[in-house]
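A.B. asks: What would the 3D arrangement of this be:
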Amino acid sequence: MKFPYGIYDFKKIITEDYFYCDRTGMIPLIEKAGTSVLFLRPRRFGKSLLLSMLENYYDIKKKDLFNEIFGKLDIGKNPTKLRNNYFVLKFDFSCVDSSGSVKEIKQSLYDHVNSRIKRFIKYYQSYLTEKIEINPDNALSSLESLLTTIELMDPSIYLLIDEYDNFANELMLSKKSVSEIEKNDDSYTSLVKKDGPLKTLFKAIKAGSNSNGFDRAFITGVSPVVMSDITSGYNIAEDIYSDEEFNGLCGFYESDVLDVLNKISESCSFDKEFINNTMFLIKKYFNGHKFSLDSEDHIYNPTLTIRFLKTLFKTCKPPRQMLDVNLAVDNEKIAYIVALSQGKKMILNLCEKDSNVEVSIIQNRFGIKDLLSDSTKDNLFIASYLYYVGALTIFEENTKGKIRLRIPNLIMKSLYIDKIQQMLFPKVLDRDSGKLAAEEVYTNGNIEPLCSFIENNYFPVFDNRDYKWANELTVKTIFLSLLYNDILYIMDSETEINRKYIDLTMILRPDKRHFQTHDILIEFKYVKLSKANLSGEQAKKLTLDELKNINCIKKAMDEAKEQSLDYAKELAATYRKLSLKSFAVVCIGFERLYWEKVN
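C.D. replies: Next comes the predicted model:
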């Protein structure tokens, strides 16, 4: 089998027999959805391949290649009347350089538009009856010349725009306050507002849609923020990204992944247990995305899943590291939210119990001002933005009619944990020391170095006014941030086993059980200083034996140990071959930790 990791050329994938999960049967639904549609998905979710598929399907010049490309696919058995019926013009705004002044960005945008029109002229040269003039200084003039020529012809143009918001998002991510974007010389505002180049370009596209020039348009991007800010320039796009019928337009269903896994097993001679364990691993790391409240299906990230399957087929074992380094941009988006006044609190809360946030709706039109000045009770705009970039996904609608959003999978959770690590321990040396202490837990079953590290390096930050946000953390999140290791473990907080929630578990990945490391279970309890009749200074001075003898602390430890024993039995019944080390940890204020190993 050949897996197209990083390949978005539809014709190449089909004609060179790469794996392709057929979504061509949805073309009739796209045609019915509208003549100009906006489809949003997180990065690396197959949007570029989708556009390449549409390009090959509608391109008039590829009419004779239809059977070769689509003959074995769903749409090939029942094509629509519009197949191979258009000139196709494609813009890819990820090619636009967002660095430099507004004038330089405008020139980069115009250069891209001009280069794509030049490519169009060369590609369709035998079809064109009139000359199309290219104005190197004004791409809008070039576009007008193109439309003037096409309006006299049949067919018209199917316009495809990939990553419509890419370069504008790059500019947006540099803005941290409303005052920044209200400056007259702000680059983002200059692009999308007034007579900015991006807004005027979309105005020209809209005008072309009212004639015989652009008959259809399919636009992809990540979020609606930029579209909202240029809304008067292009207010004709229909949003299809949250429609139930398009939930799986990009990405894999569980049945798709299982089918491929079974085919790989034939080559690698996997037994049933290995297949089940591997499917469990893939599901934990790559599944969980849902883009329609009405859909029952959760979608696997296609790019990350393809990377996993490619390695599995090649080596007959899962990749060592589950996180794809190409997700760095997504990490930047989470960092952007963390820097906002409301964002830090939300990121911290999401790594707590249930890992969810409730909103009344997911906003489908909100601008950068809404995002930066979000003061709504449910952090509506920030939560909506995290949803669009893939850092949150739809979980369910609760009994009060609110939408619950949660972190979709462990890959995305690892990005949150990375940010929390940096917030807790800004100095790299501190993070490294914490990681070394954490290794003692799962290699030697010794939690003392980790607890001592947290007492000595984390708790003191509460005396610093710059760390007021730290009050949003629980001790569990601190431990999770230091222990997190997706190379060896499937890690989770509030793990649900038979309707019981375990505070923190580290279960060895099925493919890593040959290492001399342990599965870990930790149960936490928190005792307020006031309940123990202690001040912070008193708590610091007491010996561990003295702390143990305080009734409320002793009671909390007994409860934690009892729960640990109970949960350990549940884990043993759920997972096979555990090498489990269990611990009970009591946090006294944010001054001291008292821990015991639970046999």
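
A.B. asks: Which parts of the stretch 401-550 of the chain are strands?
C.D. replies: Secondary structure of the stretch 401-550 of the chain (DSSP state E, counting those that start in this stretch): strands at 403-406, 489-497, 500-508, 519-527.

A.B. asks: Could I get the average pLDDT for stretch 420-436?
C.D. replies: Across stretch 420-436, pLDDT averages out at 83.

A.B. asks: now the end-to-end length of it.
C.D. replies: 18 Å (Cα to Cα, to the nearest Å).

A.B. asks: what comes up buried for it?
C.D. replies: Buried residues in stretch 420-436, counted by 16 or more other Cβ atoms under 10 Å: 420-421, 423-425, 431, 433-435. Where you see a C-beta, it was placed from the backbone N, CA and C, and this is true even at glycine.

A.B. asks: Looking at those, which are in helices?
C.D. replies: Counting by DSSP state H, the buried residues of stretch 420-436 place 420-421, 423-424, 431, 433-435 in helices.

A.B. asks: Relative to residue 194, which of these is nearest.
C.D. replies: residue 423 (37.4 Å; Cβ to Cβ).

A.B. asks: Could you tell me how far residue 197 is located from residue 30?
C.D. replies: Applying Cβ to Cβ, to the nearest Å, the value for residue 197 to residue 30 is 29 Å.

A.B. asks: what do you get for residue 338?
C.D. replies: Taking Cβ to Cβ, one finds residue 338 at 36 Å from residue 30.

A.B. asks: ok, longest helix in the protein?
C.D. replies: helix 551-574.

A.B. asks: between that helix and strand 519-527, how many degrees?
C.D. replies: Interaxial angle of helix 551-574 relative to strand 519-527 (axes from the mean of the first three to the mean of the last three Cα atoms, to 10 degrees): 150 degrees.

A.B. asks: could you pull out the helices for the stretch 1-150 of the chain?
C.D. replies: 10-15, 27-33, 47-58, 66-70, 74-77, 102-123, 139-150 (DSSP state H, counting those that start in this stretch).

A.B. asks: gap between the second one and the chain center?
C.D. replies: Pointing back at helix 27-33 there. 26 Å (Cα atoms, centre = their mean, to the nearest Å).

A.B. asks: contacting residues around it?
C.D. replies: Helix 27-33 is contacted from outside by 37, 54, 57, 75, 80, 82, 218, 238, 240, 243, 245-246, using Cβ atoms under 8 Å, 6 or more residues apart in numbering.

A.B. asks: least trustworthy position among these, going by pLDDT?
C.D. replies: Least confident entry in the contacts of helix 27-33, by pLDDT: residue 238, with 93.

A.B. asks: Spit out the contact partners of that residue.
C.D. replies: For residue 238, counting by Cβ under 8 Å, 6+ apart, the contacting residues are 33-34, 36-38.

A.B. asks: again, 6 Å this time
C.D. replies: 34, 37 (Cβ atoms under 6 Å, 6 or more residues apart in numbering).

A.B. asks: just residue 236 next, same as before
C.D. replies: Contacts of residue 236 (Cβ under 6 Å, 6+ apart): 36, 206.

A.B. asks: you'd agree it is in a strand?
C.D. replies: No: using DSSP: H, G, I helix; E, B strand; the rest coil, the assignment for residue 236 is coil, not a strand.

A.B. asks: Low-confidence ranges, the stretch 451-599 of the chain, go.
C.D. replies: 461-473, 493-500 (pLDDT under 70).

A.B. asks: Quickly note the distance from the nearest residue to residue 57 once chain neighbours are set aside to residue 404.
C.D. replies: With sequence-adjacent residues excluded and distances taken as Cβ to Cβ, 6 or more residues apart in numbering, residue 57 is closest to residue 83, at 5.8 Å. Noted for residue 83: a distance of 41 Å to residue 404, by Cβ to Cβ.

A.B. asks: higher neighbour count, the two?
C.D. replies: residue 83 (19 against 15; other Cβ atoms under 10 Å).

A.B. asks: Show the pLDDT at the residue nearest to residue 199 when sequence neighbours are not counted.
C.D. replies: Using Cβ to Cβ, 6+ apart and skipping the chain neighbours, the partner closest in space to residue 199 is residue 233 (4.1 Å). pLDDT for residue 233: 70.

A.B. asks: Which helix or which strand is home to residue 233?
C.D. replies: Using DSSP states H and E, residue 233 sits in no helix or strand.

A.B. asks: surely it meets residue 203?
C.D. replies: Yes: contact criterion Cβ atoms under 6 Å: residue 233 and residue 203 qualify, at 4.6 Å.

A.B. asks: Quick check: which of the helices of the stretch 1-150 of the chain is buried the most?
C.D. replies: helix 47-58 (a mean of 22; mean count of other Cβ atoms under 10 Å).

A.B. asks: If you count contacts, what does it end up packed against?
C.D. replies: helix 10-15, strand 157-162 (3 or more Cβ pairs under 6 Å, 6 or more residues apart in numbering; DSSP states H and E).

A.B. asks: now the last one against helix 139-150, angle please.
C.D. replies: Counting by the same axes, to 10 degrees, strand 157-162 points 150 degrees away from the direction of helix 139-150.

A.B. asks: Which neighbouring elements make contact with the helix or strand that strand 157-162 is followed by?
C.D. replies: Downstream of strand 157-162, the next assigned helix or strand under DSSP H and E is helix 166-172. Applying 3+ Cβ pairs under 6 Å, 6+ apart, one finds that helix 166-172 contacts helix 187-192.

A.B. asks: about what we covered before: and the helices of the stretch 1-150 of the chain as a markdown table, adding distance to residue 325?
C.D. replies: What follows is the helices of the stretch 1-150 of the chain, written out as a markdown table (distance: least, Cβ to Cβ, whole Å):
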| stretch | distance to residue 325 |
| --- | --- |
| helix 10-15 | 23 |
| helix 27-33 | 33 |
| helix 47-58 | 19 |
| helix 66-70 | 32 |
| helix 74-77 | 34 |
| helix 102-123 | 26 |
| helix 139-150 | 34 |
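
A.B. asks: just so I know, which of those helices lies nearest residue 364?
C.D. replies: Nearest to residue 364 among these is helix 27-33; the distance by Cβ to Cβ comes to 15.0 Å.

A.B. asks: Mind splitting the chain into its structural domains?
C.D. replies: Listed domain ranges for the chain are 10-246, 254-322, 327-410, 425-598 (source: automatic domain parsing).

A.B. asks: could you give me the average pLDDT of the second one?
C.D. replies: If I follow you right, that is domain 254-322. What domain 254-322 shows for mean pLDDT is 95.

A.B. asks: Run the chain-centre distance for it.
C.D. replies: Taking mean C-alpha positions (Cα atoms, centre = their mean), domain 254-322 and its chain are 17 Å apart.

A.B. asks: What of stretch 367-381?
C.D. replies: With Cα atoms, centre = their mean as the basis, stretch 367-381 stands 20 Å off its chain's centre.

A.B. asks: Check which residues of it are buried.
C.D. replies: Neighbour count says stretch 367-381 has 367-372, 374, 378-381 buried, by 16+ other Cβ under 10 Å.

A.B. asks: Perfect, that will be all.
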